[in-house]
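Student: Kindly return the folded structure for what I paste below:
(chains A and B)
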Amino acid sequence: METLYRAFKEHDFEVVAVASDVQGAEVVQPFVTQLHLSFTTLLDTTGQVTRLYGVTSLPTTYLLDREGRLVTVAVGSHDWANAETRALISSLLDPAQQIPMPHGPEAMRGASSTAQKVVGEP
Amino acid sequence: MRRKAVCQVTTIVAALGLLWGGKAADAREHLFEAMGMAKVPPKAAPNFTLPTADGQQVSLQQYRGKVVFLNFWATWCIPCREEMPALERLHQTYQSQDLAIVSIDLKESADQVKAFFQKHSLSFPALLDQDGTVFRDYLVAGMPTTYLIGRDGTLLARGVGGRDWTRAEALQLIQELVGATPAVGQPGPQVSP
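Tutor: This next block holds a predicted model:
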């Protein structure tokens, strides 16, 4: 996420992390410092936002466009620095770019609806 | 003539057996689907030995012969916390029918987990995965994740995310897996996240 943020932050891209740990800043700040995270991290100690978004699994990531419309949701951890994700973000920031996305939005949507597949088999 | 009749009866019984087996398999599939549990290739569940919050050592192998409800969680995970009362309820209702609820916490201290279990009157095993090895072995990418494991130690299904384990379908699924007669649930404790 930090890599993705740094790659696109000059182009109207924001990463907003919501930490739902009840201990709040006490445990979140050391983590943010240790990993040198520069994007915005919010504290949701009461779970208000977690419930508002109907989150049933952590992590869950929502991707919103410039108008605040929900583009996709991904359940579970994900490699946010991979080429597909970068291409997807590029296309959202500048749809005219027509960046080829062999595994773009559809792949991400697949990730959200078929999280079982994404995590593989033990 | 009599032998022929016996053969026919045997054939009919065998056919009914197949039919019944098929229906049971269908029922199981339906219940997995209703609970949003994805079937996984039927291979042996990776074994592990982990400490409990009470300092005992527990391995998956100890539960051979029981149906295992393996739940990956952490105290900071709200959907995980919300599932816990229902898990305690399943534990209270089905432990005598060979259902083992086993929770595995990710990288938190024994004191933290113990305090949570005491506060919410949870009595099933609380295992600690202090280096995340078992989470990795089970490819847990989101919490909570629940695996259902058969009596022979074979993986049956996996569910990523919290779900309502007090639903009728949940109880039917557990009954189907333990092969027991319907049991009456007991009210469990409530956890406020």
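
Student: Beta-bridge partners for the residue nearest the centre of chain B, please?
Tutor: Residue closest to the mean C-alpha point of chain B, counted by C-alpha atoms, centre = their mean, is B:Phe69 at 1.8 Å. B:Phe69 has these beta-bridge partners by DSSP bridges: B:Ile101, B:Leu148.

Student: wait, what's in contact with it?
Tutor: B:87, B:90, B:99-102, B:146, B:148, B:174 (C-beta atoms under 8 Å, 6 or more residues apart in numbering or on different chains). The C-beta positions use only the backbone N, C-alpha and C, and glycine is treated the same way.

Student: mind checking how far A:Thr60 is from chain B?
Tutor: Distance from A:Thr60 to chain B, counting by C-beta to the nearest C-beta, to the nearest Å: 7 Å.

Student: you'd agree that residue is up against A:Val49?
Tutor: No. Judged on C-beta atoms under 8 Å, A:Thr60 makes no contact with A:Val49 at a distance of 11.0 Å.

Student: Give me the more crowded residue out of those two.
Tutor: Neighbour tally, A:Thr60 and A:Val49, criterion other C-beta atoms under 10 Å in any protein chain shown: the higher count belongs to A:Thr60, 20 against 13.

Student: List the backbone torsions phi and psi for the more buried one.
Tutor: Main-chain dihedrals, A:Thr60, degrees, to the nearest 10: phi -130, psi 130.

Student: quick check: domain ranges of chain B?
Tutor: Listed by automatic domain parsing, the domain ranges of chain B are B:1-34, B:37-178.

Student: Which residues of chain B lie near chain A?
Tutor: Contacts of chain B with chain A, taken as C-beta under 8 Å from any C-beta of the partner chain, map to B:38, B:40-41, B:45-46, B:75-80, B:137-145, B:155, B:158, B:160-163, B:193.

Student: give me the low-pLDDT residue ranges for chain A?
Tutor: By pLDDT under 70, the low-scoring segments of chain A are A:96-121.

Student: what do you get if the cut-off is 50, keeping everything else the same?
Tutor: Low-confidence segments of chain A, defined by pLDDT under 50, are located at A:98-119.

Student: Can you show me the helices along it?
Tutor: Assigned by DSSP state H, chain A shows helices spanning A:2-8, A:25-34, A:48-52, A:83-93, A:105-113, A:115-118.

Student: Now list the buried members of the residues of chain B next to chain A.
Tutor: Taking 16 or more other C-beta atoms under 10 Å in any protein chain shown as the criterion, what is buried in these is B:40, B:45-46, B:75-80, B:138, B:140-145, B:155, B:158, B:160-163, B:193.

Student: Which ones among those residues lie within helices?
Tutor: Short answer: those in helices (DSSP H) are B:78-80.

Student: on that earlier part again, so which pair among the contacts of B:Phe69 is furthest apart in space?
Tutor: Spatial extent of the contacts of B:Phe69 (C-beta to C-beta) is set by the pair B:Val102 and B:Ile174 at 14.1 Å.

Student: surely A:Ser20 meets A:Leu58?
Tutor: Yes. Applying C-beta under 8 Å, one finds A:Ser20 in contact with A:Leu58, separated by 7.1 Å.

Student: Mutual contacts of those two, please.
Tutor: Contact criterion C-beta under 8 Å, 6+ apart; residues shared by A:Ser20 and A:Leu58: B:77-78.

Student: all helices for chain B, in order.
Tutor: Using DSSP H, helices in chain B cover B:2-34, B:78-94, B:110-119, B:133-137, B:168-178.

Student: What mean pLDDT does the fourth one get?
Tutor: The average pLDDT for helix B:133-137 rounds to 97.

Student: export the domains of chain B to CSV and tack on distance to A:Lys9?
Tutor: Below are the domains of chain B laid out as CSV (distance: least, C-beta to C-beta, whole Å):
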stretch, distance to A:Lys9
domain B:1-34, 42
domain B:37-178, 26
